[in-house]
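[1] Sequence first, then the predicted structure, then my questions.
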Amino acid sequence: SPFTLKPALIFTILFVVVLFLVKIAISYQSNVGIYFTSFLAGLIKTDLVTVSIAELSSQGIAEKIAVNSLIIAALTNIGVKGVIAYIFGSKKFAKSLSIMLAISILISLAIILII
């Protein structure tokens with residue numbers, strides 16, 4: 001049921017953890033820490049890092065860091081989806097999906113280099 005409390009609590013806990021890790025990285029003035037946190041969050045759910053980075057962007061985090069962080073989380077999540085498709089889907093499906101995911105990854109990397 002969409003009205004159960006457990007998923008909301010899990011999302012809230014993970015959101016707080018991601019926000020905490022990003023704030024720690026910012027306090028050490030570490031872009032690498034922010035990017036690594038984005039990578040880890042992308043393994044689980046991109047919404048977590050999206051909300052965290054959006055909030056921090058309104059508090060002064062550099063736009064380039066915010067954009068790159070979200071792209072890293074999205075790319076990580078795309079990779080996870082590819083692995084899941086490969087493990088649980090047919091090989092034909094995984095191959096088709098991998099081509100599309102590779103295109104998405106290449107475009108995203110190009111955006112990171114441009115910005």
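    Received, thanks.

[2] Next, give phi and psi for the residue minimising distance to the centre of the chain.
    Compute the mean C-alpha point of the chain, and by CA atoms, centre = their mean the closest residue is residue 73, 2.0 Å away. Main-chain dihedrals, residue 73, degrees, to the nearest 10: phi -60, psi -40.

[3] Can you tell me, leaving aside adjacent residues, what's nearest to it?
    residue 42 (3.6 Å; CB to CB, 6 or more residues apart in numbering). From N, CA and C alone the C-beta is placed, and that goes for glycine too.

[4] Surely that neighbour touches residue 70?
    No - using CB atoms under 8 Å as the test, residue 42 is too far from residue 70 to be in contact (9.2 Å).

[5] Name the residue in these two with the higher neighbour count.
    residue 42 (24 against 20; other CB atoms under 10 Å).

[6] does the more buried one sit in a helix or strand, and which one?
    helix 31-44 (DSSP states H and E).

[7] buried residues in that helix?
    The neighbour-count check on helix 31-44 (16 or more other CB atoms under 10 Å) flags 31, 33-42, 44 as buried.

[8] cool, and stretch 4-19?
    14-15, 17-19.

[9] before we move on, back to that, I'd assumed residue 38 was in contact with the residue nearest to the centre of the chain.
    Yes - counting by CB under 8 Å, residue 38 is a contact partner of residue 73 at 4.4 Å.
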